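Undergrad: any chance you could fold what I've pasted below:
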Amino acid sequence: MSKIRVAISGIGNCASSLIQGRYYYKDVSSNDELVPGLMHNVFGGYKIDDIEFVAAFDIDKRKVGKDLSEAIFAKPNCTKTVYKDIPKQNVIVKKGPVLDGFPDHMLEYPEDKRFMTDDTPPVDVVKELKKSKADMLVNYMPVGSQKATEFYAQAALDAGIAFVNCMPVFIASDPEGKWPKKFEEAGLPVVGDDIKSQIGATIVHRVLTKLFNDRGVKLDKTYQLNVGGNTDFMNLIEHSRGKTKKISKTESVQSQLPVPMAPDTIHIGPSDYVPWLKDNKLCFLRMEGRKFGDIPVELELRLSVEDSPNSAGCVIDAIRACKIALDRKVSGPLISMSSYIMKHPPQQYPDFIAKQMVEDFIKGERER
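TA: Numbering: from 1, shown residues only. Alright, predicted model coming up:
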């Protein structure tokens, strides 16, 4: 099998965990060894070490100009280090356009906690993507970066490469259909939107919501409150930046019910920024329902996870699914993969069905 050439926009904690994970499991070559978080060690013929990183873009002056192997450990990144001896990538992080990737309220926080940018002009991203011969671009723009995400989606189209959108900007799931049509007409696959974690707040909330419904419990009220200390949570202090994030997470849970809950009975979304938590994310989940005889039942759950590694395995699978689609000349949104690993896919399915859809896609029994 050929190598999978990956470009990344946004060299934050998630990119750091993805790259570290790729090297942490570099010697895994068969399905005999368990790798937590991956559907298969060998996915459609592609191993983990078939992934190579060929281009990178960011706006932080502490990362721009550095080799990717160094940039992933630069501040304000704060995720745990699982593999520090990343070989030199010979990929220099280039400056992309700032657009809406830098919220003004970040200036209120210490430099070691937030992004830092300068007046250096951005590079020609499309030109750099073409020069790198990337197969796809993985988007890790900050939450709330609508314009920046759309810029990189268009850059992928203009460079003739696939797009994996890990952020809650609706590209693959664009309700107006503009972006899916663009990728379909360009003959390119797209996976999105808003990456799920391996075991995170949304997937746990989804599973418990379906459990309530399958066991005949009427869910009356629920909330999911999340706090953390990385730049993702700092971004979301400005509530307008979390609008699509809230929609994405809420619709993901609502999709598990035959009739959606009334808006005033369900609250899901980031709640606050706690600096000392760093990349640790805490989820506080409460569900109130009624069982037989209208007798109340209440559930409360506290989930603590290292946020960025929690989705890295899902992105590795997304990358390999995209490469299979490129090999098979499949274009437009990959419905199966998006439904399984994204919070806001073009079509929502129960997780066990979505997983089988991906297995069918890998075997070639399903087009997308």
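Undergrad: what ranges do the strands span in the chain?
TA: Using DSSP state E, the strands found in the chain span residues 4-9, 51-58, 94-95, 136-139, 162-165, 189-191, 218-228, 266-273, 280-290, 296-306, 332-333.
Undergrad: which residue ranges form the helices in the stretch 51-200 of the chain?
TA: Applying DSSP state H, counting those that start in this stretch to the stretch 51-200 of the chain gives helices spanning 68-71, 125-132, 146-159, 178-186.
Undergrad: tell me the average confidence for the last one?
TA: When pLDDT is averaged over helix 178-186, the result is 98.
Undergrad: returning to that earlier point: which one of the strands of the chain lies nearest to residue 30?
TA: Counting by C-beta to C-beta, residue 30 lies closest to strand 51-58 out of the strands of the chain; the figure is 16.5 Å. Just so you know, the C-beta spots here come from the backbone N, C-alpha and C atoms, and that holds for glycine as well.
Undergrad: what comes up buried for that closest one?
TA: 51, 53-58 (16 or more other C-beta atoms under 10 Å).
Undergrad: which other helices and strands does that strand contact?
TA: If you count contacts as 3 or more C-beta pairs under 8 Å, 6 or more residues apart in numbering; DSSP states H and E, strand 51-58 packs onto strand 4-9, helix 13-24, helix 68-71, strand 94-95, helix 125-132, helix 309-327.
Undergrad: let's see that with 6 Å instead.
TA: Helices and strands touching strand 51-58, by 3 or more C-beta pairs under 6 Å, 6 or more residues apart in numbering; DSSP states H and E, are strand 4-9, helix 125-132.
Undergrad: so which of the helices of the stretch 51-200 of the chain is nearest residue 213?
TA: Each of these has some distance to residue 213 by C-beta to C-beta; the shortest is helix 178-186, at 29.4 Å.
Undergrad: what lies in contact with that closest one?
TA: Residues outside helix 178-186 that contact it (C-beta atoms under 6 Å, 6 or more residues apart in numbering): 157, 171, 174, 190, 331-333.
Undergrad: turn those into a markdown table, including neighbour count and pLDDT.
TA: Conversion of the contacts of helix 178-186 to a markdown table gives the following (neighbours: other C-beta atoms under 10 Å; pLDDT from 0 to 100):
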| residue | neighbour count | pLDDT |
| --- | --- | --- |
| 157 | 20 | 98 |
| 171 | 28 | 98 |
| 174 | 20 | 97 |
| 190 | 31 | 98 |
| 331 | 19 | 97 |
| 332 | 22 | 98 |
| 333 | 26 | 98 |
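Undergrad: identify the farthest-apart pair in those.
TA: Those two in the contacts of helix 178-186 that are separated most widely, counting by C-beta to C-beta, are 174 and 331, at 15.2 Å.
Undergrad: quick one: residue 104 and residue 117, what's the gap?
TA: In this structure, residue 104 and residue 117 are 12 Å apart, going by C-beta to C-beta, to the nearest Å.
Undergrad: and what of residue 185?
TA: In terms of C-beta to C-beta, residue 185 sits 34 Å off from residue 117.
Undergrad: the two: who's more crowded?
TA: The neighbour comparison of residue 185 against residue 117 (other C-beta atoms under 10 Å) goes to residue 117, with 17 against 11.
Undergrad: now that one, nearest residue through space, not along the chain?
TA: residue 59 (4.8 Å; C-beta to C-beta, 6 or more residues apart in numbering).
Undergrad: what about the one you found, distance to residue 358?
TA: Taking C-beta to C-beta, one finds residue 59 at 34 Å from residue 358.
Undergrad: same thing with residue 185?
TA: For residue 185, the distance to residue 358 equals 25 Å [C-beta to C-beta].
Undergrad: one more: residue 50?
TA: Distance of residue 50 to residue 358, given as C-beta to C-beta: 18 Å.
Undergrad: what about these two, which has more around it?
TA: Comparing residue 50 with residue 358 by other C-beta under 10 Å, the one with more neighbours is residue 358, at 24 against 18.
Undergrad: quick one: pLDDT of that one?
TA: 98.
Undergrad: including distance to residue 180, could the strands of the chain go into a markdown table?
TA: Converted to a markdown table, those look like this (distance: least, C-beta to C-beta, whole Å):
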| stretch | distance to residue 180 |
| --- | --- |
| strand 4-9 | 20 |
| strand 51-58 | 24 |
| strand 94-95 | 28 |
| strand 136-139 | 16 |
| strand 162-165 | 11 |
| strand 189-191 | 7 |
| strand 218-228 | 28 |
| strand 266-273 | 25 |
| strand 280-290 | 30 |
| strand 296-306 | 31 |
| strand 332-333 | 5 |
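Undergrad: of the ones you listed, which is nearest residue 247?
TA: Across those, closest to residue 247 is strand 266-273 (C-beta to C-beta), at 9.4 Å.
Undergrad: follow-up on the earlier one: out of the strands of the chain, nearest to residue 122?
TA: When the strands of the chain are compared for distance to residue 122 using C-beta to C-beta, the nearest one is strand 94-95, at 5.0 Å.
Undergrad: could you name the helices and strands sitting against the closest one?
TA: Against strand 94-95 (3+ C-beta pairs under 6 Å, 6+ apart) you get no helix or strand.
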